[in-house]
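**Student:** Could you look at this predicted model? Sequence included:
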Amino acid sequence: MLQQTATHGGGHLPTLSEEQCELLTEILSILYKTVNRLGQDWAEMVYEIVLAEDVLNDLQLLLGIRHNVLLRCCFECILTLFEWVERQIAIRAQQGDQRPSPGKVIENLSIFFANSFTVDMLLQIVETFSDDFRKLGAETLTYMLRNERQSHDVQRLFKELGGCEKLIGLMTSTESKTVRSRLLVCFQTITSSEDQDVLAELKDLNLVPIMLQLLVAVSAPENETSADTPGLLGSILTTLTNLSLNDANSVKIRLHGAHIIGKLLMDFCPALNSKDKPKVYVAGSPGDNLKVMHELQMHCLRCLRFLYSVEKNRKAFKVVFPPNLFGAFIDVGNYNKDFQAYIPLLKKLNKKTSDENLRQIRLNFEQMGNF
């Protein structure tokens, strides 16, 4: 429908009347409610009707509209469809269903949204719109970049359109914690592709010091009671881990951030966690709170182990850990992303290392900032 009224060759919507915008808003609201309320038995109907080519093309074109209510409805529908697809894939995986339609669905979504018009519109929204729309734009970009089959095309368009520079500009200027958290997840997804060109560009754009500054700010004592803090720390540490796959980034992180990451690792140790003012991220549930801190410790250990994987960084780590712990640290292996591989190392650190040695390790990390 909308394609027939769009400017030929330009891919942009003509000016719509208020009445047309209200009608389209109602249609998208019905679509949003339908997808959210239908059960698993209706999955094939959603695939065949809601995810039809015309619907996806219309949603794509509506990203160019400048009517706030309609644009918000458009974003909510797009995000709902991405969420619905991921949910269907997870359900079918649990059920052992090998039918091809879920994969086809996610491929269709990615194919239809992986084009210069959509990526450009999303970057314009992230760069120039209000915080509410910036958040939605960043979420949509993250879903597009997350899909393995089409992320290469999106990454290419993202690079061509200056996406990294635009997102970093917003990251350093926004005062909205919600927008910043969405951007962090987006950067985590961007860097997870291990694209060396992207990692080199992010090095030149100084993302490493920006992430280290955020790490210090988010881990500050005043944020220790925030439920959002663990997720933010996890995103920052994962992004730093991914960035370290570029050797120059890795050396920069070691020089300017290894002591910060090491301090976080030791601060989360149960034996060193302050008895007077313990870190509490999950109120009323000490067990769940301990799990959160253990997970953050594994993020720290993984990032530090990635740094050690680069030859130029190894000498600095040899004076941090005692021999038995250093051996377990090495045994994890270079560039090992699997969290499970860090559990033996974490247990040895938390349960089999004396308080005296833990305090010495913490001191060693502090001195590491002077190497």
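**Tutor:** The structure has been received and is ready for your questions. Numbering: from 1, shown residues only.
**Student:** and S17, how many residues sit next to it?
**Tutor:** S17 is flanked by 8 other residues according to other C-beta atoms under 10 Å. Backbone N, C-alpha and C define where each C-beta goes, glycine included.
**Student:** mind checking pLDDT for it?
**Tutor:** pLDDT for S17: 85.
**Student:** Likewise for E175?
**Tutor:** 93.
**Student:** helix, strand or coil for it?
**Tutor:** The three-state label given to E175 by DSSP: H, G, I helix; E, B strand; the rest coil is coil.
**Student:** so what's the residue nearest to D247 when sequence neighbours are not counted up against?
**Tutor:** The shortest distance from D247 to any non-neighbouring residue, by C-beta to C-beta, 6 or more residues apart in numbering, is to V310 (5.4 Å). When the contact criterion is C-beta atoms under 8 Å, 6 or more residues apart in numbering, the partners of V310 are 244, 247, 250-251, 254.
**Student:** To which secondary structure element is M266 assigned?
**Tutor:** Using DSSP states H and E, M266 falls within helix 247-267.
**Student:** what's downstream of that helix, the next helix or strand?
**Tutor:** As assigned by DSSP H and E, the chain's next helix or strand after helix 247-267 is helix 286-308.
**Student:** tell me how far that next one is from the chain's mean position?
**Tutor:** Centre-to-centre, helix 286-308 and its host chain are 17 Å apart (C-alpha atoms, centre = their mean, to the nearest Å).
**Student:** how close does M211 sit to L81?
**Tutor:** 31 Å (C-beta to C-beta, to the nearest Å).
**Student:** Please apply the same query to R180.
**Tutor:** 25 Å.
**Student:** One more: L16?
**Tutor:** Distance of L16 to L81, given as C-beta to C-beta: 22 Å.
**Student:** higher neighbour count, those two?
**Tutor:** More neighbours surround L81 than the other of L16 and L81, with 24 against 18 (other C-beta under 10 Å).
**Student:** Please, which helix or strand holds that one?
**Tutor:** Assigned by DSSP H and E, L81 belongs to helix 68-95.
**Student:** mind listing the helices in the stretch 1-150 of the chain by residue range?
**Tutor:** Remark: helices assigned in the stretch 1-150 of the chain by DSSP state H, counting those that start in this stretch are 2-5, 18-37, 43-45, 53-62, 68-95, 101-113, 116-128, 131-146.
**Student:** Throw those into JSON lines and include distance to K348, thanks.
**Tutor:** Below are the helices of the stretch 1-150 of the chain laid out as JSON lines (distance: least, C-beta to C-beta, whole Å):
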{"stretch": "helix 2-5", "distance to K348": "60"}
{"stretch": "helix 18-37", "distance to K348": "46"}
{"stretch": "helix 43-45", "distance to K348": "46"}
{"stretch": "helix 53-62", "distance to K348": "51"}
{"stretch": "helix 68-95", "distance to K348": "34"}
{"stretch": "helix 101-113", "distance to K348": "40"}
{"stretch": "helix 116-128", "distance to K348": "43"}
{"stretch": "helix 131-146", "distance to K348": "34"}
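**Student:** Which among the ones you listed is found nearest to R156?
**Tutor:** helix 116-128 (9.4 Å; C-beta to C-beta).
**Student:** quick one: that closest one to chain centroid distance?
**Tutor:** Worked out by C-alpha atoms, centre = their mean, helix 116-128 lies 18 Å from the chain centre.
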